[in-house]
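> please find the sequence and the predicted model below.
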Amino acid sequence: MNLDSKIPEGPLSKKWSSHKFNMKLVNPSNRRKYKVIVVGSGLAGGAAAASLAEQGYNVSCFCYQDSPRRAHSIAAQGGINASKNYQNDGDSVHRLFYDTVKGGDYRSREANVYRLSEVSSDIIDQCVANGVPFAREYGGLLANRSFGGAQVSRTFYARGQTGQQLLLGAYSALSKQIGLGKVKMFNRHEMLDLVKVDGHAKGIIVRNMATGEVSRHASDAVVLATGGYGNVFFLSTNAQGCNVTAAYRAHKRGAGMANPCYTQIHPTCIPVHGDKQSKLTLMSESLRNDGRIWTPKDAEVAAMIRKGETDPNLVAEDDRDYFLERKYPSFGNLAPRDISSRAAKEACDEGRGVASTGLGVFLDFRDAIKRDGQSTIKERYGNLFDMYQCITGDNPYQTPMMIFPAVHYTMGGLWVDYNLQSTIPGMFVGGEANFSDHGANRLGASALMQGLSDGYFVLPYTVGNYLGEQGVAAAGKVTTEHPAFAEAEANVKARIDKFLSIGGTESPRSFHKRLGHIIWEQCGMARSKEGLEGAIKDLQALRKEFWTNLRVVGDADGINPELERAGRVADFIEFGELMCRDALMREESCGGHFRVEHQTEDGEALRDDENFAFAGVWEYKGDDVDPQLHKESLIYENVKLATRSYK
């Protein structure tokens, strides 16, 4: 496996502009001869499909939802970062770049992160042109607020619905191209395999989730923008349908999987309330601008709150531990997500948790309401407060919110070079599905930034460059009649038949729940050598049991959610083992990857830059064969490696 990152020569600030100039171009009259497949219709996929079609390429876009508008990007709440420096508080492209590299605990690729920071301002202009209703100040200028891991206000937002509004903007651009006939939209179609011809990605195999029909689709390039793999934990803030199947199918076809152990635990989510729960609910990081996180100093007081024997509002100020403000005074409640999550876990481990399960801390708006008034807080966060009250039955204007960390985002993903091309030529990966920008921990409000950066401003250049290099004579040369398509389709159908024929006693959901328990306990917020080795053995046993005792009701013709879940869980089980192998290999703590053997005296992550300043990229070698590790060294020429400090 060749890990050529293709980082351009020259100063960091000039790399992207000079790289664009040196790219191969495709004549506008020739673009209509090419076909590009985009899998995924969220911010990265929708923006890429719309932009490529606007350039003149013929695009087929696939999503498993009933509409592109239901892509999981819609669930993002808090905002999107950009280095506009509207607040005149010292922000710049370089500061956003530095904060992102530092926030990722120095485990990201400098050139990619700088490009992300560089195009961030263009993203805001693009979204405003698309009609996104960003919040504005009294004078009409776009408003900003603060997010974790930064000491400037650079986050643009639309109340607590930023993802929804951004997705509607991208959807409007996509709909225009659908109406013009440049994008052919395939709703309710799930990608089940990637097709390679002569080593290049040339199409996909999909299943129509409404009719059960399995079909072939050929193209000159394939873009995967299928999101992250957080649902490997079973319980996460992701929608139930979010899965790793498209990415993992590509991995088994030769695409390297980078840093799968880098998963983000978000500190502000509604705590688990029972064993019948199917997902968790995020409370936006923006709430930490005005909310203060605390637990009682005394474990006995916390026990009384858990039992309902006392009101948290009655806990005196001196008896409260605002632990983030105490531990990280420079950033306070806006410390990065990985650090904030571990601090909350630490408080609960000490017996000071306030939820009935013991796993919860308070997010309190009492002081903000006294300072600014309830009407102001309602204007800022009203929809989030309403959502919290609908779910929990508690009024957060009157009693503190209860929160606890939960799986939210994945920084690992398919390896890509500077052009966002995977180790399979012709297959590009955008958004959360790739590994490229966030290192070991993503800062808040940077996911939307990356998705739209990839979709609007990177892939339209780099996909065109690849097609230009292949030459116009190659356009449309490979069709679905090629034997590789027949082979891939047969494999997909055989796998479906296998699921239906096992005839066991346990449902896909039950296996998924057991998988999630193993991953959360051993590869969650705290990991150890012993636990990870045990998890790998448990996952191998679970996989064998899955393929002998799975029960899938219904048949392959028509709508069958259990069949869909079976395929996704099968991939999650294999992927979960890869996650644990990656976490076991990485004998250090960095960002969201916390090995208990590698921590400072005060419990902070202890990196090993001498031995682990690399992206770990795994190559699939076959079923029941250990994957092979490859390393891309991370070279820091513009940022000095240092121990992260938010104190």
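Nice, thanks for sending it over. Keep in mind it's a predicted model, so treat the numbers as computed, not measured. Residues are numbered from 1 along each chain as shown.

> to the chain's geometric centre, what's the distance from the top helix by length along the chain?
Taking DSSP state H as the assignment, the helix of the chain that covers the most residues is helix 561-585. Distance of helix 561-585 from its chain centroid, counting by C-alpha atoms, centre = their mean, to the nearest Å, is 16 Å.

> quick check: mean pLDDT of that helix?
Averaging pLDDT along helix 561-585 gives 98.

> cool, stretch 516-529 as well?
97.

> got the contact list for it?
232-235, 261, 263, 265, 341-342, 345, 405, 407, 531-532, 534-535, 538-539, 542, 576, 579-580, 583-584, 593-597 (C-beta atoms under 8 Å, 6 or more residues apart in numbering). Placement of C-beta: from N, CA and C, glycine included.

> and the longest helix of the chain, what does it pack against?
In this structure, helix 561-585 packs against helix 245-252, helix 483-501, helix 508-523, helix 529-549, strand 614-619, with contacts taken as 3 or more C-beta pairs under 8 Å, 6 or more residues apart in numbering; DSSP states H and E.

> and the contacts of the first one?
Counting by C-beta under 8 Å, 6+ apart, helix 245-252 makes contact with 39-40, 190-194, 224, 226, 229, 255, 257, 413-414, 422, 424, 427, 429, 433, 567-568, 571, 574-575, 618, 620, all of which sit outside it.

> tell me the SS of Cys127?
Using DSSP: H, G, I helix; E, B strand; the rest coil, the structure places Cys127 in helix.

> near it, how many other residues are there?
For Cys127, the count of nearby residues is 25 (other C-beta atoms under 10 Å).

> give me the distance between Gly444 and Val639.
The spacing between Gly444 and Val639, counted by C-beta to C-beta, to the nearest Å, is 20 Å.

> doesn't Val222 fall inside a strand?
Yes - residue state for Val222 (three-state DSSP) corresponds to a strand.

> need the pLDDT of it.
Val222 is given a pLDDT of 98.

> and Lys647, by the same measure?
Predicted confidence (pLDDT) for Lys647: 88.

> can you tell me how far the residue nearest to it when sequence neighbours are not counted is from Ile265?
Take Lys647 and drop its neighbours on the chain: the residue closest to it by C-beta to C-beta, 6 or more residues apart in numbering is Tyr328, 5.4 Å away. As judged by C-beta to C-beta, Tyr328 and Ile265 stand 17 Å apart.

> could you look up the SS state of Gln177?
State at Gln177, reduced to three classes by three-state DSSP: helix.

> tell me how many other residues surround it.
As a burial measure, Gln177 scores 20 neighbours (other C-beta under 10 Å).

> mind listing the helices for the stretch 251-400 of the chain?
Remark: helices assigned in the stretch 251-400 of the chain by DSSP state H, counting those that start in this stretch are 299-306, 323-327, 337-347, 366-372, 374-392.

> if you could redo that for the stretch 51-200 of the chain, that was the one I meant.
Per DSSP H, counting those that start in this stretch, the stretch 51-200 of the chain carries helices over the ranges 93-103, 110-129, 162-180.

> picking that back up, what subset of the contacts of stretch 516-529 is buried?
232-235, 261, 263, 265, 341-342, 345, 405, 407, 531-532, 535, 538-539, 542, 576, 579-580, 583-584, 593-595 (16 or more other C-beta atoms under 10 Å).
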